[in-house]
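Participant: Make a model of this:
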Amino acid sequence: MTFGASNRTDGIVSDFDRDGVVSVPDLLDEGTAARLLEWADEVVRETDGGMQHCEQTASGPVLARTEDFVDRHDGLRDLLTSGVVAETLAALFGEPAILFKEKINHKLPGGAGYAPHQDAPAYPYGLRHVTMLLAIDDAGPENGCLEFARGRHREGLLPADDAECLASSIADELAWEAFPAARGGAVFFDSFTPHRSGPNHSDRPRRALYVTYNAASEGDLRARYYAHKRRHLAEGRVSLIGHFQGRAIR
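Facilitator: Model (predicted):
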């Protein structure tokens, strides 16, 4: 099953290699973007409580994150592992890619942001990862889109604090740039690229799929990752690092 409009990788790879992040605004066609919204709602209804988290906001509890669901949803599994998505990732890696992990960050109105961080410390298996943000809703600064520090991915792990987020002395001197994404658009970024996002101050949701991949040459690491995460995820946390700035609740 093929999804989305044809995607040209000319320029995408060179921009990604230089900046550690690249925006692909038209990755999905309108029909596929509409199905993505329907599928996200299905996943929320069908996910057990173990990999679904809420957060406390000023208006009460709201859904914050849903994770580990492609094995239960054929449409999303096909979308995230074939067609234009697979073609783009193969171009970025220089070889086929394998799904490492997947989640929906809901960031509903009042939802919290994420502190400046790199993803690499949260990935205990594999040497290199690329994450695709796939916008379910339109995302901009007012509802907490991602912000990146271009070109810093080549420096490896930057100094971090006790929560494994970027040390404030580093985060404060980085040049942060917002990466808005319209529904159906994508942003691809390296696991060493510094990024952050603000809270959702709007009355609109900012749901997005975050789907992480590793190179096929490293093997299928997904089952090992989720077994590790289930063992080590601390109470009140949504991630293996402490970048979530809200109050997570079960």
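Participant: remind me which residues of this structure are low pLDDT?
Facilitator: Scanning the chain for pLDDT under 70 picks out 1-8, 48-50, 250.
Participant: Quick check, central residue of it?
Facilitator: The centre of the chain sits closest to residue 210, judged by Cα atoms, centre = their mean, with a distance of 2.6 Å.
Participant: name the element the nearest residue to it once chain neighbours are set aside belongs to?
Facilitator: Nearest non-adjacent residue to residue 210, counting by Cβ to Cβ, 6 or more residues apart in numbering: residue 103, 5.2 Å away. All C-beta spots, glycine's among them, are computed from the backbone N, C-alpha and C. Taking DSSP states H and E as the definition, residue 103 sits inside strand 97-105.
Participant: same deal with residue 43?
Facilitator: Assigned by DSSP H and E, residue 43 belongs to helix 30-46.
Participant: so how far is that helix from its chain's centroid?
Facilitator: Chain-centre distance of helix 30-46: 16 Å, with Cα atoms, centre = their mean, to the nearest Å.
Participant: angle of the strand holding residue 103 against helix 30-46?
Facilitator: 70 degrees (axes from the mean of the first three to the mean of the last three Cα atoms, to 10 degrees).
Participant: Residue 147 versus residue 240, what's the distance?
Facilitator: Here residue 240 is placed at a distance of 22 Å from residue 147 (Cβ to Cβ, to the nearest Å).
Participant: all helices of this structure, in order?
Facilitator: Counting by DSSP state H, the segments of the chain that form helices are 12-19, 30-46, 74-81, 83-93, 168-171, 222-232.
Participant: and those helices, which is most packed in?
Facilitator: Mean neighbour count (mean count of other Cβ atoms under 10 Å) peaks for helix 83-93 among the helices of the chain, with a mean of 20.
Participant: Now find how far off-centre that helix is within its chain.
Facilitator: 16 Å.
Participant: same thing with stretch 217-231?
Facilitator: Remark: stretch 217-231 is offset 17 Å from the chain centroid, using Cα atoms, centre = their mean.
Participant: before we move on, what about stretch 97-113?
Facilitator: Distance of stretch 97-113 from the chain centroid (Cα atoms, centre = their mean) equals 5 Å.
Participant: Could you do stretch 154-164 as well?
Facilitator: Counting by Cα atoms, centre = their mean, stretch 154-164 comes out at 19 Å from the chain centroid.
Participant: Any buried residues in it, and which?
Facilitator: Of all the residues in stretch 154-164, those buried under the rule 16 or more other Cβ atoms under 10 Å are 158, 160-161, 164.
Participant: what's near enough to touch residue 244?
Facilitator: By Cβ atoms under 8 Å, 6 or more residues apart in numbering, residue 244 lies in contact with 55, 64, 112, 114-115, 237-238.
Participant: Can I get these in TSV including distance to residue 187?
Facilitator: Converted to TSV, the contacts of residue 244 look like this (distance: Cβ to Cβ, whole Å):
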residue	distance to residue 187
55	23
64	20
112	20
114	14
115	19
237	24
238	20
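Participant: Weed out the non-buried ones from those.
Facilitator: Among the contacts of residue 244, those classed as buried by 16+ other Cβ under 10 Å are 55, 64, 112, 114-115, 238.
Participant: closest to residue 125 among those residues?
Facilitator: Closest approach between the buried ones among the contacts of residue 244 and residue 125, by Cβ to Cβ: residue 238, at 19.2 Å.
Participant: Neighbours of the residue nearest to residue 210, how many?
Facilitator: 21 (other Cβ atoms under 10 Å).
Participant: got it, and the one 4 residues further on?
Facilitator: Summarising burial for residue 107: neighbours were counted as other Cβ under 10 Å, giving 31.
Participant: Would you mind measuring from the nearest residue to it once chain neighbours are set aside to residue 214?
Facilitator: In space, and not counting its chain neighbours, residue 107 is closest to residue 206: 4.2 Å by Cβ to Cβ, 6+ apart. The gap separating residue 206 from residue 214 is 26 Å, by Cβ to Cβ.
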